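Chemist: Here is my input; please provide its structure:
(2 chains)
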Amino acid sequence: MTHIAVADQEPELHHPRTFIGKYIWSQDHKVIAIQYGCTAIFVGLIALVLSVVMRLQLGFPDQFDFINPNMYLQFVTMHGMIMVVYMLTALLLGGFGNYLIPLMVGTRDMIFPYLNMLSFWFYFLSVLVLLASFFVPGGPTGAGWTLYPPQSILEGTPGSGLGIVLMLVSLAIFIIAFTMGGLNYVTTILQARTRGMTLMRMPLTIWGIFTATILGLFAFPALLVSAIMMLFDGLLGTSFFMPAIVSLGEATDFEGGSPILFQHLFWFFGHPEVYIVALPAFGMVSDVLSIHARKNIFGYRMMVWAIVIIGGLSFVVWAHHMYVSGMNPYFGFFFATTTLIIAVPTAIKVYNWVLTLWQGNIHLTVPMLFAIGFIFTFTHGGLSGLFLGNVVIDMPLSDTFFVVAHFHMVMGVSPILVLYSAIYHWFPLVTGKQLNTRLGMIHFWGTFLGTYAIFLPMHYIGFLGVPRRYYALGDTSFIPDSAHALNANMTIAVIIVALFQLVFIFNLFWTMKREPKSKINPWGAASLEWHTPEVPPGHGNWGKELPTVHRWAYDYSVPGVVQDYIPQHVPDSDVVYESGFDPSTSKREPT
Amino acid sequence: MTEMNTRPKTYWQHMVVDWSADKEAFKVNWGKVMMWLFLVGDTFIFSIFLIGYMNVRMSATEAWPLTSEVFALVVGGHHIPLLLIAIMTFILITSSGTMAMAVNTAYQGNKKATFWLMVTTAILGASFVGLQAYEWTKLIVDEGIRPWGNPQGAAQFGATFFMITGFHGLHVTGGVIYLAVVAYKVKRGHYDKKGFQIVEITGLYWHFVDLVWVFIFAFFYLW
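Modeler: A predicted model of the protein is given here:
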């Protein structure tokens, strides 16, 4: 039997007729993307509220009776876990991955829509299990988002009963959901591209999502295995991670386990997870910068290889999270070296973003502002990462607020700025309406300046040695009064930033209700997703015939061409040149 | 460039041509690609299980039980080490053989033979799980080994053994169900138009489960 590529097969689409088939148990990647997106934003808002409560305690200790030490730890834990896994990973890959992959590579849907639907519903279930832990006796786990044993399952840690069990079960369900989605994303990109869409013509967004999903498929197994082992330690009394230990004055039955093993397994997942979040953001910001500067992305091939190399290296740096756990110095040397090597492809990307802007026709639209803001926050967060990657500098800074400031800049604020950029950028495609620009500007400046007001001082108090995860600092001679004053300042900044996020939520509703329909392709983007027969794209995306791709996604301001961009599906023969311009004299390399 | 130069000759040239092509990176059915990806991810799961096992075995504070004693069967008054496990391994390897034959007959279009070969594979798989249940019962009831403890030494022996063989047993059980469903659909003519790649995809999964067993066998019974 001869093999036919997916792009050449007859479309096989089942049009759902009922409301439930269309919007609830939907197999359409666009509906699933919106389901993923709304759920992720919802849990993200919960995590935002948790962070505000935490900061209230840190900024104004002894002022709020409703926060006790246990709750503080629980909020820290849940804030971290929700933001990293249930918000960022789900929104970037489940939300944007689902929406953009089939549209950008030119196919009608994900390759296995039924599995894709299951992916969302498993994710939804994992969120429900996670949120249920707020309502069980003892509350959610307070072991810190890294869930380090032994304290995570010993009595005395808040949520050591049902809380940690629900956390681990929820993570396991999330991993199943991610695997089902991830298999779809990777296979769709590899096997279902349209005619003319070679890998090296794909927008960088797709490269970022593609590489991040592969990282996820290979890194989440480590978390799954450690979650299973820890569940057994907690429920069955096995001793995988638990050494012989005295808890609350009584000897436990545990014996001979290794807590360090958990740290290795966790960070073998945890470090690639940073790049699971960062790589799609890198890709999307590249596209936004190029489109809104009306210039092709600088060094496309280099950008692709940088993404791939960062993805590969991310698997051999994990123990730089464990310098203070007790490690052979030679290992420390190895992991410090690999960590610093990652800075090279990352720096290539930053330089290329800046060079994309250089002499570009920069439109300071809301998505562009967020994208440029990202270059700032990411550079700052990345540079402090160079400090922490060195063993000798990490030793004193470990478990201080310097670390908190570092990872919030590099994998908190930065991907979130890109997410906002992406939402403002692709909103006209998803809904047909452009988010209100004035509200968007307010939202940007409040968020961008506000996050600096939070995290710049945090580096400083980290240098002073203020430890993280402490409910209250109390009277300590090495912490000056100025640090307490800064803490109060940061808390006020957090409240202001949180209020600015309400502007964004308001903008979503306002735009849907009040704004008129926007132009089709308002930013003048050349990539495929903006060139569907209907906007927003209909079921099956492309009407009767799949588009044929003739060029890369970055033909902006091509010399001699009338329009300042050439969409990917326009053949060379259809490009309209200015009168008197002879395209045969142009030295452009074919893409 | 002449026609001769553009036609790929070596393996590497083929690979470059495939990966720089449009439409698809591999000239195969997408289901096969997806199954391979899943299996690579699953390889990570089992690798991490086995690395965790090696780690706790080396760091355990008490002695590891003698595997030639724990896993021995008593037949006619003689201790025969590894007898049960040899039978189980033989069954599983045989099932891989029948699975490979099923793939062959499926591509020949012989639905009846495919159905029966797949059913045979499933039955062999189910008997593997049955023997595993017998082994577990023997360890739990006769020798008193539990996930949390073990009269013959390190508690981690029971913990890792039940966890990893249990996880593998779940994979075999899932595979038996998967085989049964596909075999039924083959018989019903569900794939007459689509082609019989699904049999090969099912086979990929089944061979993988076999391969994992070889590693578990080596690490638990021979170490």
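Chemist: ok, and for the helix or strand hosting B:V209, which residues are buried?
Modeler: Taking DSSP states H and E as the criterion, the element that holds B:V209 is helix B:197-217. Along helix B:197-217, the positions that meet the burial threshold by neighbour count (16 or more other Cβ atoms under 10 Å in any protein chain shown) are B:197-210, B:212-213, B:215-217. No exception for glycine: its C-beta is placed from N, CA and C like everyone else's.
Chemist: What of stretch A:21-30?
Modeler: Within stretch A:21-30, the residues that count as buried by 16+ other Cβ under 10 Å are A:S26, A:Q27, A:D28, A:H29, A:K30.
Chemist: circling back to that earlier point, now do the helix holding B:V209: everything it contacts.
Modeler: Contacts made with helix B:197-217 from outside it, assessed by Cβ atoms under 8 Å, 6 or more residues apart in numbering or on different chains, are listed as B:29, B:31-32, B:35-36, B:39, B:42-43, B:46, B:50, B:85, B:89, B:92-93, B:95-96, B:99-100, B:102-103, B:106-107, B:114, B:118, B:121, B:125, B:164-165, B:168, B:171-172, B:175, B:178-179, B:182, B:185-186, B:191.
Chemist: Of the residues you listed, just the buried ones, PyMOL syntax please.
Modeler: Those of the contacts of helix B:197-217 that meet the burial criterion (16+ other Cβ under 10 Å) are gathered into one PyMOL selection, given here:
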select buried, chain B and resi 29+31+32+35+36+39+42+43+46+50+85+89+92+95+96+99+102+103+106+114+118+121+125+164+165+168+171+172+175+178+179+182+186+191
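Chemist: can you narrow the contacts of helix B:197-217 to ones near chain A?
Modeler: Filtering those for neighbours of chain A using Cβ under 8 Å from any Cβ of the partner chain leaves B:N29, B:D42, B:Y107.
Chemist: Was I right to think the last one contacts B:F196?
Modeler: Yes - using Cβ atoms under 8 Å, B:Y107 and B:F196 qualify as a contacting pair, with a distance of 6.0 Å.
Chemist: in what helix or strand does the most centrally placed residue in chain A lie?
Modeler: Closest to where the C-alpha atoms of chain A average out (Cα atoms, centre = their mean) is A:V277, at 3.2 Å. For A:V277, the element it lies in under DSSP H and E is helix A:259-292.
Chemist: Distance from the chain centre to the helix holding B:V209, please.
Modeler: Between the centre of helix B:197-217 and the centre of its host chain there is 4 Å, according to Cα atoms, centre = their mean, to the nearest Å.
Chemist: Kindly export that helix (C-alpha atoms) in PDB.
Modeler: C-alpha atoms of helix B:197-217 as PDB (Å, rounded to 0.1, in the frame of the first residue of the first chain):
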ATOM      1  CA  GLN B 197      -0.500   0.000   9.800                       C
ATOM      2  CA  ILE B 198      -2.300  -0.100  13.100                       C
ATOM      3  CA  VAL B 199      -1.200  -3.700  13.500                       C
ATOM      4  CA  GLU B 200       2.400  -2.700  13.100                       C
ATOM      5  CA  ILE B 201       1.900   0.200  15.600                       C
ATOM      6  CA  THR B 202       0.400  -2.100  18.100                       C
ATOM      7  CA  GLY B 203       3.400  -4.400  17.500                       C
ATOM      8  CA  LEU B 204       5.800  -1.500  18.200                       C
ATOM      9  CA  TYR B 205       4.200  -1.100  21.600                       C
ATOM     10  CA  TRP B 206       4.200  -4.800  22.300                       C
ATOM     11  CA  HIS B 207       7.900  -5.200  21.400                       C
ATOM     12  CA  PHE B 208       8.700  -2.300  23.600                       C
ATOM     13  CA  VAL B 209       7.100  -3.800  26.600                       C
ATOM     14  CA  ASP B 210       9.100  -7.000  25.900                       C
ATOM     15  CA  LEU B 211      12.300  -5.100  25.600                       C
ATOM     16  CA  VAL B 212      11.700  -3.300  28.900                       C
ATOM     17  CA  TRP B 213      11.100  -6.700  30.500                       C
ATOM     18  CA  VAL B 214      14.600  -7.800  29.400                       C
ATOM     19  CA  PHE B 215      16.100  -4.900  31.300                       C
ATOM     20  CA  ILE B 216      13.900  -5.500  34.400                       C
ATOM     21  CA  PHE B 217      14.900  -9.100  34.200                       C
END
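Chemist: Strands - which of the contacts of helix B:197-217 land there?
Modeler: Cross-referencing these with the strands (criterion: DSSP state E) gives no overlap at all.
Chemist: So which of the contacts of helix B:197-217 belong to helices?
Modeler: Per DSSP state H, helices hold the following members of the contacts of helix B:197-217: B:31-32, B:35-36, B:39, B:42-43, B:46, B:50, B:85, B:89, B:92-93, B:95-96, B:99-100, B:102-103, B:106-107, B:114, B:118, B:121, B:125, B:164-165, B:168, B:171-172, B:175, B:178-179, B:182, B:185-186.
Chemist: Point out where the chain drops to low pLDDT.
Modeler: The chain I'm using is chain A. Low-confidence regions of chain A, defined by pLDDT under 70, span residues A:1, A:13, A:586-591.
Chemist: ah, no, chain B please
Modeler: Looking along chain B with the criterion set at pLDDT under 70, you get B:1-6.
Chemist: residue boundaries of the strands in the stretch 351-500 of chain A?
Modeler: Counting by DSSP state E, counting those that start in this stretch, the stretch 351-500 of chain A forms no strands at all.
Chemist: What residue in it comes nearest to chain B?
Modeler: Using Cβ to the nearest Cβ, the single residue of the stretch 351-500 of chain A nearest to chain B is A:N352, 22.1 Å away.
Chemist: so what's that residue up against?
Modeler: When contacts are taken as Cβ under 8 Å, 6+ apart, A:N352 is in contact with A:S286, A:I297, A:F298, A:G299, A:M302, A:M303, A:A306.
Chemist: okay, the angle between the helix or strand containing A:W207 and helix A:259-292?
Modeler: Taking DSSP H and E as the definition, one finds A:W207 inside helix A:204-235. Computed with axes from the mean of the first three to the mean of the last three Cα atoms, to 10 degrees, the direction of helix A:204-235 lies at 160 degrees from that of helix A:259-292.
Chemist: is any part of helix A:204-235 close to chain B?
Modeler: Yes - Helix A:204-235 reaches chain B (Cβ under 8 Å from any Cβ) through A:L217, A:F218, A:F220, A:P221, A:A222, A:L224, A:V225, A:I228, A:M229, A:F232.
Chemist: Which helix or strand lies directly C-terminal to that helix?
Modeler: On the C-terminal side of helix A:204-235, the closest following helix or strand by DSSP H and E is strand A:246-247.
Chemist: how far is that next one from where the chain is centred?
Modeler: Relative to its parent chain, strand A:246-247 has a centroid offset of 39 Å by Cα atoms, centre = their mean.
Chemist: Likewise for stretch A:433-441?
Modeler: Here the centre of mass of C-alpha atoms in stretch A:433-441, compared against the chain's by Cα atoms, centre = their mean, lies 23 Å away.
Chemist: what's the answer for stretch B:177-195, then?
Modeler: The chain centroid and the centroid of stretch B:177-195 are separated by 21 Å, computed with Cα atoms, centre = their mean.
Chemist: and if you look at stretch A:488-498?
Modeler: Going by Cα atoms, centre = their mean, where stretch A:488-498 is centred and where its chain is centred differ by 23 Å.
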